[in-house]
Structures are given as structure tokens and as C-alpha cells.
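> sequence below, structure please.
(chains A and B)
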Amino acid sequence: EPEVTQTPSHQVTQMGQEVILRCVPISNHLYFYWYRQILGQKVEFLVSFYNNEISEKSEIFDDQFSVERPDGSNFTLKIRSTKLEDSAMYFCASSETGAGANEQFFGPGTRLTVL
Amino acid sequence: AQSVAQPEDQVNVAEGNPLTVKCTYSVSGNPYLFWYVQYPNRGLQFLLKYITGDNLVKGSYGFEAEFNKSQTSFHLKKPSALVSDSALYFCAVRDIGGGSYIPTFGRGTSLIVHP
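Next up is the predicted model:
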């Protein structure tokens, strides 16, 4: 069964450093998403991406964040200058279409720790 | 605006007993409702969804959920719990008339099934 994969599984960084989180969505999916979950809190939507551009983003997704699909398989989330409050589990997801009735397929997550 | 609440942080049940994980939602129009499960060190996995039609929805691993519009609830149920059902369960909602294709997730409920 096809899966969404994410690397690395755990990233530790110093405050102010740039990090890039990587995801490989399911190959025939067209819509890609990033979510985050701060420990013990809700899963929060960050951004959705379709046809090489952002389709929706939340208020969390400020200028410090960017997404890119650098090639035909990878989907990346970059945080330019990390803050302590960026420490969270980051999930990538994909779906066949963007219709709201379709379920999303999630990766295992990257745990980001900012020191 | 759309929101979802999972009122229990943790549910404990003995193996073989029926289980219920509660979810209530708030939307301005009609909802699409989803349940996802997360096993340790894995991403969220889709269990079932309500789009339209029969209020009782059947999903993976013997789970089912009942859409109750008057009570704005979508509780997850299983007639006989297994130890292997122990995991974190997330309810999600999307307001069909809300203008966004992105679901809102609950905080999650930890289900512990005791042998």
C-alpha cells in the first residue's frame, strides 16, 4: 500500500537556524498539506499546495515558513529562522483531489525540537 | 467557522467490551466528518467518514460512527474492543459551506484497551 514518507523523523536545531522538513507524497496524489501538532494540543493546519502553488494557508503560516515542490516527488517545508515555539510534530499529508470530502493520507511526522 | 471537540483526553476499556470515543462539532452549514487513528510512531490513518446518506457509517477494523445532527455529534464506536485498538483517535470536521477545503481536527483521544 502506498504511503507518505517523511524525513528526518527527528530534527534538533538551535533557535534562529533554518530547517527543511521533507516529504514524499503518494505518487498519484495532487494535493499536499503540512500540519503541526504541539505536544498535547490539536493538530493544526499550516498550508495546502496544488499545481505548484499554495492554495490555502493558516495564520500560523507566516513569512518564516515556505513550501516547495523542488522535483516530481518531494514536498518540503522550510522554516527560515526557528523559534522555541516552533517545536512540534510536523505532519505532511496528501490527497487525490482537493475536494473536502476526500480523506488525507498522512506521513509519520517529523519531531522538531528547537533549543 | 468550523470546530470540533473531543471531550475526553483518555478512554479506558477492557478487551471485549464495547468502546465509544466521543466527538461533537460545530459548523454553520452541513458537515463532512472524519475519524483518523494514530498508532505510535505512525502518521494519522483514515478510519471512516460521513459525507451524506446513512447516519451509521462503517469503517476499517470494525469501527463505526453515528452521525447525529440534532446533537451535533459523531461518536466512534466498536462493539468489542481489542488490545490492538489502543491508539490516539482524532475526529475532524469540514463545513461544506465554509469556503475552505481544509478540515479542522480535534485534540485527540487516547484509547487504552486493557487485557
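> how many neighbouring residues does residue 37 have?
Going with chain A. 21 (other Cβ atoms under 10 Å in any protein chain shown). For the C-beta atoms, the positions are set from N, CA and C on the backbone; glycine is no exception.
> switch to chain B, please.
23.
> neighbouring contacts of the host helix or strand of it?
According to DSSP states H and E, B:Val37 maps onto strand B:31-38. With Cβ atoms under 8 Å, 6 or more residues apart in numbering or on different chains as the test, strand B:31-38 has contacts from A:100-101, A:103, A:106, B:2, B:23, B:25, B:44-51, B:59, B:63, B:65, B:67, B:74, B:76, B:87-96, B:103, B:105, B:108.
> show me where the chain has strands.
All of this is about chain A. A:5-7, A:10-13, A:19-24, A:31-37, A:43-50, A:53-57, A:65-68, A:75-79, A:88-95, A:105-106, A:110-114 (DSSP state E).
> wrong chain, I was asking about chain B
Secondary structure of chain B by DSSP E: the strands cover B:3-5, B:10-14, B:19-21, B:24-26, B:31-38, B:44-50, B:56-58, B:64-68, B:73-78, B:87-95, B:104-105, B:109-114.
> hmm, the shortest one in reach of chain A?
Yes: for a cut-off given as Cβ under 8 Å from any Cβ of the partner chain, strand B:104-105 has contacts with chain A, namely B:104-105.
> what strands flank that strand, and is each parallel or antiparallel?
Strand B:104-105 has the following strand partners under DSSP bridges: strand B:87-95 (antiparallel).
> swap in the third one?
When pairs are called by DSSP bridges, strand B:19-21 turns out to pair with strand B:73-78 (antiparallel).
> what's the average pLDDT for the partner strand?
Strand B:73-78 carries an average pLDDT of 98.
> show me what counts as buried in that strand.
Applying a neighbour-count criterion of 16 or more other Cβ atoms under 10 Å in any protein chain shown, one finds B:73-76, B:78 buried in strand B:73-78.
> using TSV, lay out these together with distance to B:Glu15.
Formatted as TSV, the buried residues of strand B:73-78 follow (distance: Cβ to Cβ, whole Å):
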residue	distance to B:Glu15
B:Ser73	26
B:Phe74	25
B:His75	20
B:Leu76	17
B:Lys78	11
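> what does chain A put close to chain B?
A:4, A:6, A:9, A:33, A:35, A:40-45, A:48, A:55-56, A:91, A:93, A:98-101, A:103-109.
> so how far is stretch B:66-75 off the chain centroid?
Using Cα atoms, centre = their mean, to the nearest Å, the mean C-alpha position of stretch B:66-75 is found 11 Å from that of the whole chain.
> distance check, the one residue sitting closest to the centre of chain A against chain B.
With distances taken as Cα atoms, centre = their mean, A:Trp34 lies nearest the centre of chain A, 3.0 Å away. Distance, A:Trp34 to chain B, by Cβ to the nearest Cβ, to the nearest Å: 11 Å.
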